[in-house]
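>>> give me the fold of what follows.
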Amino acid sequence: MVWAEEAIAFGEGSSEEMSTPRSPFPPTLSLPTGEFQQLSRGRERGRQVRARRPGQQGPTSSSVRTETTPSTESDPWAWILRSQRSFALAVANRAVNLTEGFPYISLCGSYPPQSCIFSQLLNMGAAMAAWICIIRYHQLRDLGAGKWFNLLILWTGLLCALGTSVVGNFQQKNQLPTHLTGAFFAFFVGNLYFWMQHLLFWWMKSLPQPGPPWIGPLRLGLCSLCTILMVTMVILHSWLLRSASAACEWAVAMLLFTLFGLFAVDFSGLDGCTLTLRPGPSLSSPPASPLSLQIPL
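Predicted coordinates:
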């Protein structure tokens with residue numbers, strides 16, 4: 001009897017299903033109104049927690065609002081370095097967290113969009129540094145400096161400019177060995193360039209030294225301080241004192257910019273720069289004309 005009643009019920013259900021037109025769309029899950037609102041509130045709460053998660057590295061989503069924390073606004077280092085646009089962008093989109101420590105220069109330019117500005121500024125700075133080194137080479141040549149030592153100074157300065165461009169184009173998170181090589185040329189070889197400049201003026205007393213008499217001691221002091229800070233930077237980095245090492249790195253960069261800027265005293269007596277082309281030695285015999293290739297059609 002039981003199986004007969006079940007068969008009758010199944011037959012009635014089948015007839016109802018056959019009489020009712022079937023929808024071409026898949027069945028949907030319907031929830032009561034209270035459960036649906038509770039599920040929506042849970043998803044919204046999860047988004048807010050992910051958006052407020054501290055210490056988030058890398059580029060954030062466009063739906064996440066970037067708000068500056070009170071600790072970042074009250075940090076004096078952040079206010080001093082606001083003039084650096086790449087640093088400000090790195091702090092704004094939370095690629096750099098000042099509450100975890102003072103960042104390296106390379107860390108501020110590792111993620112877009114500040115990495116684009118970082119690369120552009122360093123490329124422009126490298127081109128200007130190379131041009132300054134070339135003008136300085138011609139000026140020292142006209143003043144009677146030795147050719148071999150003057151060429152050595154020139155190539156040292158050009159290596160410094162090349163290293164600056166490499167640092168900007170090969171970010172730390174993309175090509176770390178290439179980035180560190182460029183940083184070595186930019187910092188250590190750049191400091192060597194100014195030491196060689198000072199050594200040249202100490203060696204050749206006949207070279208004129210324009211400007212006030214304290215320019216020479218100022219350059220000597222800046223070169224010495226730059227060397228001390230670079231050695232300290234390497235030692236602090238090996239001791240895992242990254243914030244102090246990063247502060248030394250920023251100080252070294254500012255000192256190198258200052259030393260390049262002091263060349264304005266030496267260039268103050270120049271009216272301009274002229275580019276001239278000298279013809280090469282004439283050839284003994286005219287070059288042979290190239291053979292014409294004839295292809296039969």
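
>>> quick one: mean pLDDT for stretch 281-294?
Stretch 281-294 carries an average pLDDT of 57.

>>> okay, now the unreliable bits of the stretch 51-200 of the chain?
51-99 (pLDDT under 70).

>>> please redo it, this time with the cut-off set to 90
Low-confidence regions of the stretch 51-200 of the chain, defined by pLDDT under 90, span residues 51-118, 144-146, 171-174.

>>> now do the helices in it.
Under the criterion DSSP state H, counting those that start in this stretch, the stretch 51-200 of the chain carries helices at the ranges 70-73, 76-80, 85-92, 105-108, 114-142, 147-169, 176-184, 190-203.

>>> compile these into CSV and extend it with columns for mean neighbour count.
All C-beta spots, glycine's among them, are computed from the backbone N, C-alpha and C. Formatted as CSV, the helices of the stretch 51-200 of the chain follow (neighbours: other C-beta atoms under 10 Å):
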stretch, mean neighbour count
helix 70-73, 12
helix 76-80, 12
helix 85-92, 20
helix 105-108, 21
helix 114-142, 17
helix 147-169, 20
helix 176-184, 16
helix 190-203, 18
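
>>> between those, which one is nearest to residue 279?
helix 114-142 (19.6 Å; C-beta to C-beta).

>>> wait, what's in contact with residue 258?
Counting by C-beta atoms under 8 Å, 6 or more residues apart in numbering, residue 258 makes contact with residue 222.

>>> Three-state assignment for residue 249, please.
What DSSP: H, G, I helix; E, B strand; the rest coil gives for residue 249 is helix.

>>> correct me if wrong: it contacts residue 103.
No: Residue 249 lies out of contact with residue 103 (C-beta atoms under 8 Å); the separation is 9.7 Å.

>>> would JSON lines of the helices of the stretch 51-200 of the chain with distance to residue 254 be doable?
What follows is the helices of the stretch 51-200 of the chain, written out as JSON lines (distance: least, C-beta to C-beta, whole Å):
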{"stretch": "helix 70-73", "distance to residue 254": "22"}
{"stretch": "helix 76-80", "distance to residue 254": "11"}
{"stretch": "helix 85-92", "distance to residue 254": "13"}
{"stretch": "helix 105-108", "distance to residue 254": "11"}
{"stretch": "helix 114-142", "distance to residue 254": "13"}
{"stretch": "helix 147-169", "distance to residue 254": "14"}
{"stretch": "helix 176-184", "distance to residue 254": "15"}
{"stretch": "helix 190-203", "distance to residue 254": "13"}
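
>>> so which of the ones you listed is nearest residue 222?
helix 190-203 (7.7 Å).

>>> for that closest one, packing partners?
Under the contact criterion of 3 or more C-beta pairs under 8 Å, 6 or more residues apart in numbering; DSSP states H and E, helix 190-203 touches helix 114-142, helix 147-169, helix 215-238, helix 242-261.

>>> quick check: angle from the first one to helix 242-261?
I take that to be helix 114-142. Here helix 114-142 points in a direction 40 degrees away from that of helix 242-261 (axes from the mean of the first three to the mean of the last three C-alpha atoms, to 10 degrees).

>>> and helix 114-142, what other elements does it pack with?
Using 3+ C-beta pairs under 8 Å, 6+ apart as the contact test, the elements touching helix 114-142 are helix 85-92, helix 147-169, helix 190-203, helix 263-266.
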